[in-house]
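**Student:** Return a 3D structure for these sequence lines:
(4 chains)
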There are 4 protein chains.
Amino acid sequence: MTVTPFKQFRRSYGFDEVALVPGDVTINPEQTEIDLTFGDAGLDKVTIDIPILASAMDAVVDVDFAVLLSQMGGLGVLHLEGVQTRYENPAAVLAEIARTPKDNITALMQKVYAEPIKDNLVGERVQAIKRAGAVCAAAVVPANTKQLGPLVAEAGGDILVVASTVTTARHRSKSYRGLIFSELAEQVKLPIIVGNCASYGACLELMRTGIHGVLVGVGPGAACTTREVIGVGVPQITATMDCAAAREQYQRESGRYVPVITDGGFRSGGDICKALASGADGVMLGSLFAKAKEAPGHGFHWGMAHPHPALPRGTRIEVGVTSPLKQILRGPTSRTDGSENLVGAIRTAMGVCGAATIREMHQVEMVIAPSITTEGKSYQKAQS
Amino acid sequence: MTVTPFKQFRRSYGFDEVALVPGDVTINPEQTEIDLTFGDAGLDKVTIDIPILASAMDAVVDVDFAVLLSQMGGLGVLHLEGVQTRYENPAAVLAEIARTPKDNITALMQKVYAEPIKDNLVGERVQAIKRAGAVCAAAVVPANTKQLGPLVAEAGGDILVVASTVTTARHRSKSYRGLIFSELAEQVKLPIIVGNCASYGACLELMRTGIHGVLVGVGPGAACTTREVIGVGVPQITATMDCAAAREQYQRESGRYVPVITDGGFRSGGDICKALASGADGVMLGSLFAKAKEAPGHGFHWGMAHPHPALPRGTRIEVGVTSPLKQILRGPTSRTDGSENLVGAIRTAMGVCGAATIREMHQVEMVIAPSITTEGKSYQKAQS
Amino acid sequence: MTVTPFKQFRRSYGFDEVALVPGDVTINPEQTEIDLTFGDAGLDKVTIDIPILASAMDAVVDVDFAVLLSQMGGLGVLHLEGVQTRYENPAAVLAEIARTPKDNITALMQKVYAEPIKDNLVGERVQAIKRAGAVCAAAVVPANTKQLGPLVAEAGGDILVVASTVTTARHRSKSYRGLIFSELAEQVKLPIIVGNCASYGACLELMRTGIHGVLVGVGPGAACTTREVIGVGVPQITATMDCAAAREQYQRESGRYVPVITDGGFRSGGDICKALASGADGVMLGSLFAKAKEAPGHGFHWGMAHPHPALPRGTRIEVGVTSPLKQILRGPTSRTDGSENLVGAIRTAMGVCGAATIREMHQVEMVIAPSITTEGKSYQKAQS
Amino acid sequence: MTVTPFKQFRRSYGFDEVALVPGDVTINPEQTEIDLTFGDAGLDKVTIDIPILASAMDAVVDVDFAVLLSQMGGLGVLHLEGVQTRYENPAAVLAEIARTPKDNITALMQKVYAEPIKDNLVGERVQAIKRAGAVCAAAVVPANTKQLGPLVAEAGGDILVVASTVTTARHRSKSYRGLIFSELAEQVKLPIIVGNCASYGACLELMRTGIHGVLVGVGPGAACTTREVIGVGVPQITATMDCAAAREQYQRESGRYVPVITDGGFRSGGDICKALASGADGVMLGSLFAKAKEAPGHGFHWGMAHPHPALPRGTRIEVGVTSPLKQILRGPTSRTDGSENLVGAIRTAMGVCGAATIREMHQVEMVIAPSITTEGKSYQKAQS
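**Tutor:** Just a heads-up that it's a prediction; the model follows:
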């Protein structure tokens, strides 16, 4: 009996399932080049020294954190629809979130995020970052972009990030007209990064609207439960590779190179190296930065979809407070779990794999590998 | 040496192993259409607003629960061979089951279900549901269908469900003549739903008998141990896809569209979304509803094959009592584990995947994905 | 760069990874035929009512157990190189093994099995079984078969089992001449079952020597650590399918049908059903029988390679004492874990899968399935 | 839509995922040949009786251990850049490492290994091994090979090992000229073993430089966290097979046979047998030897990349002290976990698989197998 299958599906892969293969050549890690540029002809391009962004999440980036990360070569994205623009004094709110018991937390979150956004605070936060001499990237959700995007530009912001759980170039609704990215690019003369997406087709369509960067990742983050709640999510290695394929296709057809930023799900420097080898031009970190002494979350972390009034996705997790940001990025470290000296990890992996640039890192061989515990590591887990 | 393999077998997939890919287009969730119709020309068709049925299990559906779920747009199936028709006062029996210690429970179950079915109670339960203005679906096992089926129709029932662990269009026995579904359809002028099956061939044969719906799922339920005890079971994603393929084939050859209902194994709204994307027209829930405040099981749940006198399959499990049914279906919720606001989860997933109807949901891309814990979620499990 | 792979290897499968698919037809379980015959033209054939053998292990089969199992339709194999033939009073030795603390057990085992075999006890044990009117199958290792095999025949034994961890038709040694099975068949006029093997080639060569049954399984048993210690082992579904393919090939070339018995690794009736669907004509059970009230191991179980003086493989495991043998085989049971009513499980699975005979069971569709815990069963593990 | 995949990747395999298939022929284990030779025409070849090396790690090999292992037929490699050459009295340092609490250990390690290497101790350690009549193999890192390699030859060493986490035939650096292995072979007239590598290309390039042995393994060891920290690592079965393929290719093109040594990740004799069947000519053991009574680590074990000042990879693990080295290698044993009588395990596996030599062992069939716990072994883990 010949049966026509109802549906085909591919195997997809997450960080834990792949590993990089050492190269035939090795390179001195200090000679690797890892900077990242957003922008286009006719815009003020933004180049960062290290390909690491901090997530637009209230537990990760506030004004001070954005300034500090910029000084260290990275880029913190400030969310303009979180507590920073709902409250004059967001620190008090963040402290309350940190001290609220687990059983009451989702209800508190729903209340905290019911407070309206204040337009004046939008400009104020952007200006505070710029006054400190830092690069300023600010995030808004698609539905509010037409209103808030121009405020970012006016206040002197450098990059506009438009992000929700899933953003596409086409949104069908009877009640309102969706955001048109090509119009936005005309209106806001800044590099625009859009996310999140997780597939070839959606990424390619976004790039074709003329935007300047794409955030990749639906469902993978430590504080995200999208996959449990609505069944949607693409593991990050596959999502990154598919969006990288879209970037190559778009470059072939347009000549423009639009960076792909893998966003979410990282637990170690090893995961970052795997994302870069999968085709990412940069990474966006949430929980790894939420652990920093300077992070506004006081050792806690939560997703921006957590406070949804009717269908919350995500939880508040306790990540603890470990080290200063500088040590997380640059070391030296006495930790051996891959959570610190992330820049050193990138350069060392590139050296071992023989990649002098991020573009060469895209060519590094990867293998699908059994999870680490099946390869002789059981001692480490159980013992000192 | 060329070896002829003794047997070929395919890889099959369960809920945990797949995920939905966001669409190239997104849709406003409020504009999605999710109703479900059973029936045929010449019958009173039954349409429900939401594609969710409650399992014909004693711990899930009694008269009151069926009425309540109908009011909320779903459909509860009352089992006519459980405690509801064996006892005048089933509530007392259900309370005894709930308070019996674990070690004695299977023996108690075997005793409880040894009590004979009372024909008069069959009609009485159906009428009670109808008197409340609700849609009434009632379930019988194949061997008793010729006797009990007509009673359901006489009492005013709307849908007849014929269900056992495995039901086929052909049953070979020397001692009795099996149920002929084409004859049943002539005799009982109601939409008939038959189950369970889990393969293309068996589903296609059932559809060809002229019945109006198929329940899909052998071995997957939380309270079922069929796979341990007799080795039989097909994971739900594969079972659903195979039966959906049969539905398409049957529609091509007959023009009739027979809904496929995935029955059992759901732990979250995400699982429901995955079933719909795998080709299901609706889902039938057991343990997710057994947790409702209004469920008759008092926080316990068990399968209808559990009380088998010689070869029990299934166990009584304690699912706890969590929330009112309304909150489970419609929210709002402060839970982030996907167990509440199931209708919101369906609509949100459809919106994110760009599916305006259940038929469009059938076209959504899925990937085989590593289980969720390997994708950066370890924090959530271990921490607050 | 074109690379010639150093080695190819196939994926193999164990019990946990497959499941049976229900049939397009179902059959009344009471009408299934499950008997099993060993033998050949010119020999006294032996037919057993149920296709279940008990392992030739000291914790499983003594004289009384062999008699009891024979009365119930199965076949217990008595090991003639264990404690039964090393000691006049094996019960005392078995009791000592049962009460020895874990840390001393391997040393005790090595001492217990250093005692020489007494030739007179060989005949005595066989005759004791025959005096009780039971079928007698007795096991010896290849190196001692020329000496002990004739004693079994003389004492009236019905079946000779020649078994070690791995047995092949060809053994290369400079120090002694290996056992030639074709010569053995001439010498001992009994049905001969040989094991263990786990591959197509080895099984086919054994069948071509003219023997009458093959035991399949290297490394899978609950009390066996062969795979850890020497890396050797083939999961039972694949081993069974490969040996079943050899049986079919041998039947095509010779016209003889040599039963394949899957030996070891069973934890439930479901596993037994899967072995039969994979091509086995029967199964040999160790730990499932070691739990019987009548088993000689007092709730403990160990492999016959455990006492190896220099390289022990296996451990003594505590399986507990659960039920009388009759209940394990025929029920009724109040257990829902698949460990009891094994005959009922076989007949029910055959009914659900539409197989009237074991040969039809060989045609049943199987799928590769995720392990049971990923399919909605987590409740059962964690809760009452 | 036709999508060009961004990257292809192969599935790779670790020890836990494969098993050996018994042969069609079996062989008397005592007749197997397992010696291993390093060297070339024009050099003093070194042959060892058993194909087992001890890792160049401070917790595994000191002078006494190297002598003892040589006497038993194996080969211990002394690391010349560890505590043995940094301290006159390394035993005191090792004792301090063993008694330092877990929280302070990485900091202590970084301090201990900051002490400079003393050139005079290099020669002294080599001479001490030679004075005892043992074979002496000594390890250096590539950057120091030009300085230390000649000292090894002068002091009478037999084999020079050049090893770091990843070593290639080509290293790109602006600040120094990399090691040229073909020049080294001219300069140091000893068999040279180089490592580590893990791919076909890198291994083939190394062999073409004229060296005499290759260590295979990046990321697998018990005390190594390379894969977590930088994402790099190849599971050992695949790494071994790929390097074995390179060896075959190199032999075809040059006529020279260069042994491949699988280094790291072994937990049992079974793993060793699997490495040999995957194409290894020998194995290098770390944690299995660190447990020996004679090992210098006092029951602890750590990797040589652990003390990296800025990016430590690896941890100190407590392996415990179990048995004398002789028992680990030759038995007899009362352990059934595969950690002792490793030589017996190799010979038994070869016998069961019908391999008379290591080259025949390379031809043994392997299968990909589910991890051992899914094949009926759950009893052993949970019970006595």
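
**Student:** Mind jotting down where the strands sit in the stretch 251-384 of chain A?
**Tutor:** For the stretch 251-384 of chain A, the strands defined by DSSP state E, counting those that start in this stretch occupy A:260-263, A:282-285, A:300-301, A:317-318, A:366-368.

**Student:** what's the closest of the ones you listed to A:Ile105?
**Tutor:** Among those, strand A:300-301 comes nearest to A:Ile105, with 9.0 Å by CB to CB. The C-beta positions use only the backbone N, C-alpha and C, and glycine is treated the same way.

**Student:** So what are the sheet partners of the closest one and their directions?
**Tutor:** Using DSSP bridges, strand A:300-301 pairs in its sheet with strand A:317-318 (antiparallel).

**Student:** ok so, going back, what's the most buried one of the strands of the stretch 251-384 of chain A?
**Tutor:** Comparing the strands of the stretch 251-384 of chain A by mean neighbour count (mean count of other CB atoms under 10 Å in any protein chain shown), strand A:260-263 ranks first with a mean of 31.

**Student:** From the contact count, pick out the helices and strands touching that strand.
**Tutor:** On a contact count with 3 or more CB pairs under 8 Å, 6 or more residues apart in numbering or on different chains; DSSP states H and E, strand A:260-263 meets strand A:192-197, strand A:213-216, helix A:236-254, strand A:282-285.

**Student:** Just the buried positions in the third one, please.
**Tutor:** Within helix A:236-254, the residues that qualify as buried by neighbour count (16 or more other CB atoms under 10 Å in any protein chain shown) are A:236-250.

**Student:** Comparing the strands of the stretch 251-384 of chain A by mean pLDDT, which bottoms out?
**Tutor:** Ranked by mean pLDDT, these bottom out at strand A:317-318, which scores a mean of 91.

**Student:** what distance separates that one from the centre of its chain?
**Tutor:** How far strand A:317-318 lies from its chain's middle: 18 Å, per CA atoms, centre = their mean, to the nearest Å.

**Student:** just stretch A:254-265 next, same as before
**Tutor:** Its chain's C-alpha centre and that of stretch A:254-265 lie 11 Å apart, by CA atoms, centre = their mean.

**Student:** burial count for A:Glu186?
**Tutor:** Per other CB atoms under 10 Å in any protein chain shown, the neighbour tally for A:Glu186 reads 10.

**Student:** for A:Thr226, same thing?
**Tutor:** A:Thr226 has 26 neighbouring residues, counting by other CB under 10 Å.

**Student:** So it versus chain D, what's the distance?
**Tutor:** Going from A:Thr226 to chain D by CB to the nearest CB, to the nearest Å gives 24 Å.

**Student:** between the helices and strands packed on strand A:260-263, which gets nearest to C:Asn341?
**Tutor:** Per CB to CB, nearest to C:Asn341 of the helices and strands packed on strand A:260-263: helix A:236-254, 45.3 Å.

**Student:** Run through the neighbouring helices and strands of that closest one.
**Tutor:** Against helix A:236-254 (3+ CB pairs under 8 Å, 6+ apart) you get helix A:200-208, strand A:213-216, strand A:260-263, helix A:269-277.

**Student:** Can you tell me, leaving aside adjacent residues, what's nearest to A:Ala134?
**Tutor:** Nearest residue to A:Ala134, sequence neighbours excluded (CB to CB, 6 or more residues apart in numbering or on different chains): A:Ser70, at 3.5 Å.

**Student:** same question but for A:Thr357, I mixed them up
**Tutor:** In space, A:Thr357 is closest to A:Glu33, 4.9 Å off (CB to CB, 6+ apart).

**Student:** And for A:Lys174?
**Tutor:** B:Gln31 (5.9 Å).

**Student:** so where's the stretch 1-150 of chain A uncertain?
**Tutor:** Counting by pLDDT under 70, the stretch 1-150 of chain A has low-confidence residues at A:1-2.

**Student:** wait, does stretch A:212-229 contact chain C?
**Tutor:** No: figure legend: stretch A:212-229 not in contact with chain C (CB under 8 Å from any CB of the partner chain); closest approach 13.0 Å.

**Student:** Span of that stretch from start to end?
**Tutor:** 31 Å (CA to CA, to the nearest Å).

**Student:** How far does it sit from its chain's centre?
**Tutor:** On CA atoms, centre = their mean, the centre of stretch A:212-229 falls 9 Å from the chain's centre.

**Student:** Three-state assignment for A:His171, please.
**Tutor:** Three-state call for A:His171 (DSSP: H, G, I helix; E, B strand; the rest coil): strand.

**Student:** What is the burial count for the closest residue in space to it that isn't next to it in sequence?
**Tutor:** Excluding the flanking residues, the one nearest A:His171 by CB to CB, 6+ apart is A:Gly178, at 3.5 Å. Other residues near A:Gly178 come to 16 when the count uses other CB under 10 Å.

**Student:** Low-confidence ranges, the stretch 201-350 of chain A, go.
**Tutor:** For the stretch 201-350 of chain A (pLDDT under 70), the answer is A:221-224, A:306.

**Student:** Show me what from it comes close to chain D.
**Tutor:** Counting by CB under 8 Å from any CB, the stretch 201-350 of chain A comes close to chain D at A:201, A:241-242, A:244-245, A:248-249, A:268-274, A:277-279, A:331-338, A:341, A:344-345, A:348-349.

**Student:** can you pull the contacts of the residue of the stretch 101-250 of chain A found nearest chain C?
**Tutor:** Chain C sits closest to A:Glu228 of the stretch 101-250 of chain A, with a gap of 13.0 Å, by CB to the nearest CB. Applying CB atoms under 8 Å, 6 or more residues apart in numbering or on different chains to A:Glu228 gives the contacts B:268-270, B:336-338, B:372.

**Student:** now the helices: where do they sit in the stretch 1-150 of chain A?
**Tutor:** A:63-71, A:83-86, A:90-99, A:105-112, A:119-131, A:142-154 (DSSP state H, counting those that start in this stretch).
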